[in-house]
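Colleague: let me see the structure of the following:
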Amino acid sequence: MVRKELILAAIVAIFSFYCQTEAAQIAVTWDGGGDGRTWENADNWNPDVVPDNNATNTYAVTINAGGHIWLGLQQSRTIDQLDCYGEFELHKWTSDQVVLTLVDPSGLTNHDYLVIVRLWIDGNVTNTAGATLELEDTEIEGALYNQAGATIEVFEVSDEVCVDGAVENAGSMTITPVSKLTVEGGTLHNTGQINIYGGSCSVYDGIIDNNDTGLIKGFGILYTDQLLRNKGQIDAYGGSFAVLSEGSFLNTGVLCNKPSASLYVKPEEDVNNNGTIEANAGGGVTFDCNLVNDTNGVIELLNGTLAATAITQRDDANFSGFGAITGDVMIDPGAMIRLGGSTDIVGNVTVEGTLEISDGVTLITGQTVCSGTIHIKGGYLIPQGGLSGDCNIIWEPGLFTNPADFNLDGEVNFGDFAYFAETWLWQTAWQ
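Modeller: Alright, predicted model coming up:
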């Protein structure tokens with residue numbers, strides 16, 4: 001009996017010892033009372049201790065900068081969490097690698113203006129509404145959250161900015177010229193705006209999901225080695241924008257080149273468009289694959305160029321406008337393409353549905369094979385490569401133009417015959 005009581009007492013003593021030695025969390029704030037610059041100076045903190053978790057104590061750190069302050073780390077540190085207020089820069093002040101580890105899932109939270117330079121952050125990072133976060137040569141091993149109304153800017157001086165985890169962007173994210181944002185092992189989910197200005201945004205072992213409210217715009221490179229799903233809008237703006245996927249490319253949103261810009265889409269597989277493709281003047285949209293304008297899909301030629309290996313127009317899809325088309329065109333039975341102005345098609349055209357041409361000249365450089373209908377409304381068709389097949393050709397005056405209106409006065413009458421005779425008949429051989 002006595003032996004059992006001794007064993008029980010020993011267990012209680014051991015349990016009490018471990019409870020007493022469990023690490024206690026200490027709240028630490030920055031006061032800059034020492035040199036006002038280095039993490040390792042205990043006088044810069046209140047209480048006067050260098051925040052670095054150990055078996056006895058852990059630390060929840062708050063830095064509230066009264067003015068613009070620079071804080072440098074000279075060696076790796078581990079804390080529970082870090083909350084940043086005011087204008088604050090967090091640097092690595094050594095040539096060695098420095099890791100700031102954040103144990104708590106809340107990780108590092110920026111509430112105002114924070115610049116992180118050359119650090120490795122091991123933990124989650126959150127940029128709150130109204131805050132600005134600048135990342136320069138930084139690696140984040142965790143998730144990056146950019147809330148609505150928040151701003152992230154990516155800079156590269158000697159190395160890329162890398163996130164080894166998911167990126168959730170509901171605010172504004174800008175990748176500056178020649179900078180690189182690399183996301184590894186997680187989804188880039190955009191419900192806000194991502195601006196790429198001459199830089200690149202790449203996702204490895206994860207997908208790019210541009211949601212309904214998401215906008216990705218600019219010039220440079222957007223890349224994923226898996227799925228790229230666009231439900232929102234992707235715009236080429238200010239130059240050439242390459243959108244590259246080594247997996248599928250799904251579009252139910254908008255793909256657009258702004259005037260004088262070019263959008264280049266290169267997926268691993270052919271693209272079925274169930275959204276909107278808009279080709280504006282001075283540039284265009286190019287698919288390095290076959291393009292199918294599928295059910296509910298919309299293609300708008302606004303004096304721009306649409307290019308693909310082959311373009312198939314399905315029934316219940318819309319295709320209209322004028323400009324240029326490069327690639328072989330197939331119009332399925334029941335489908336229609338409406339060209340309402342001068343248009344050049346560089347490729348072969350197969351018409352099993354309806355090709356409607358109005359108020360302009362359509363030039364087809366390849367062979368035109370028609371078993372459907374070509375409906376000409378005050379326009380011209382030039383099948384430069386030849387026209388064959390059992391084609392139903394309908395001609396009628398257009399709403400704005402008529403090929404018989406030789407003097408271009410808006411009316412067809414004997415004045416047009418007189419103009420034609422005066423201008424052309426005198427040149428004939430029999431006169």
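
Colleague: I'd say residue 55 and residue 24 touch.
Modeller: No - between residue 55 and residue 24 there is no contact under Cβ atoms under 8 Å: 10.8 Å. Placement of C-beta: from N, CA and C, glycine included.

Colleague: next, residue 43: phi, psi?
Modeller: phi -70, psi -10 (degrees, to the nearest 10).

Colleague: same check, this time on residue 315
Modeller: As for residue 315, its main-chain torsions (degrees, to the nearest 10) stand at phi -60, psi 150.

Colleague: quick check: closest non-adjacent residue to residue 57.
Modeller: Counting by Cβ to Cβ, 6 or more residues apart in numbering, the nearest residue to residue 57 once its immediate chain neighbours are dropped is residue 26, at 5.3 Å.

Colleague: what about the one you found, which SS state?
Modeller: With DSSP: H, G, I helix; E, B strand; the rest coil as the basis, the three-state label of residue 26 is strand.

Colleague: quick check, pLDDT for it.
Modeller: As predicted, residue 26 sits at a pLDDT of 97.

Colleague: contacts only, for it.
Modeller: 47, 49, 57, 58, 59, 60 (Cβ atoms under 8 Å, 6 or more residues apart in numbering).

Colleague: and it, how far is that from residue 36?
Modeller: As judged by Cβ to Cβ, to the nearest Å, residue 26 and residue 36 stand 21 Å apart.

Colleague: got it, and residue 243?
Modeller: 47 Å.

Colleague: could you point out which element follows the helix or strand containing residue 62?
Modeller: Using DSSP states H and E, the element containing residue 62 is strand 57-64. Next helix or strand after strand 57-64 toward the C-terminus (DSSP H and E): strand 69-73.

Colleague: neighbouring contacts of the helix or strand following that following strand?
Modeller: Counting by DSSP H and E, the element after strand 69-73 in chain order, helix or strand, is strand 77-79. Contact partners of strand 77-79, identified using Cβ under 8 Å, 6+ apart, comprise 39, 50-53, 58-61, 99-103.

Colleague: biggest separation within those residues, which pair?
Modeller: 60 and 99 (18.4 Å; Cβ to Cβ).

Colleague: so where's the chain uncertain?
Modeller: 1-22, 398-431 (pLDDT under 70).

Colleague: in TSV: the contacts of residue 26, plus neighbour count.
Modeller: Below are these laid out as TSV (neighbours: other Cβ atoms under 10 Å):
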residue	neighbour count
47	10
49	13
57	14
58	19
59	23
60	18
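
Colleague: hmm, which two among the residues you listed are most spread apart?
Modeller: That would be 47 and 58, which, of the contacts of residue 26, are the farthest apart (Cβ to Cβ) at 14.1 Å.

Colleague: and the gap between the residue nearest to residue 57 and residue 41?
Modeller: Distance, residue 26 to residue 41, using Cβ to Cβ: 17 Å.

Colleague: who does the strand holding residue 62 touch, helix- and strand-wise?
Modeller: Contacts defined by 3 or more Cβ pairs under 8 Å, 6 or more residues apart in numbering; DSSP states H and E place strand 57-64 against strand 24-30, strand 77-79, strand 81-85.

Colleague: hmm, 6 Å instead?
Modeller: strand 24-30, strand 81-85 (3 or more Cβ pairs under 6 Å, 6 or more residues apart in numbering; DSSP states H and E).

Colleague: so for residue 256, which of those strands sits nearest?
Modeller: Short answer: strand 81-85, nearest of the helices and strands packed on strand 57-64 by Cβ to Cβ, at 37.5 Å.

Colleague: and the angle for the closest one with strand 24-30?
Modeller: Interaxial angle of strand 81-85 relative to strand 24-30 (axes from the mean of the first three to the mean of the last three Cα atoms, to 10 degrees): 20 degrees.

Colleague: pairing partners for strand 81-85, with directions?
Modeller: Using DSSP bridges, strand 81-85 pairs in its sheet with strand 57-64 (parallel), strand 108-110 (parallel).

Colleague: may I have it exported as CSV, CA atoms only?
Modeller: Provided in CSV are the C-alpha atoms of strand 81-85 (Å, rounded to 0.1, in the frame of the first residue of the first chain):
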residue,chain,number,x,y,z
GLN,A,81,3.5,35.8,-34.0
LEU,A,82,4.3,39.3,-35.2
ASP,A,83,1.9,42.3,-35.6
CYS,A,84,3.3,45.4,-37.5
TYR,A,85,1.9,48.9,-37.3
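
Colleague: after that strand, which helix or strand is next? Please name it.
Modeller: That would be, after strand 81-85 and using DSSP H and E, strand 87-92.

Colleague: packing partners for the next helix or strand after that following strand?
Modeller: Remark: after strand 87-92, the chain's next helix or strand is strand 99-102, criterion DSSP H and E. Strand 99-102 is packed against strand 120-122, with contacts defined by 3+ Cβ pairs under 6 Å, 6+ apart.

Colleague: quick check: neighbours of the strand it packs on in the sheet, parallel or antiparallel?
Modeller: Strand 120-122 is paired, per DSSP bridges, with strand 99-102 (parallel), strand 139-141 (parallel).

Colleague: residue 206 is in contact with residue 186, correct?
Modeller: Yes - Residue 186 is within contact range of residue 206, at 4.8 Å (criterion: Cβ atoms under 6 Å).
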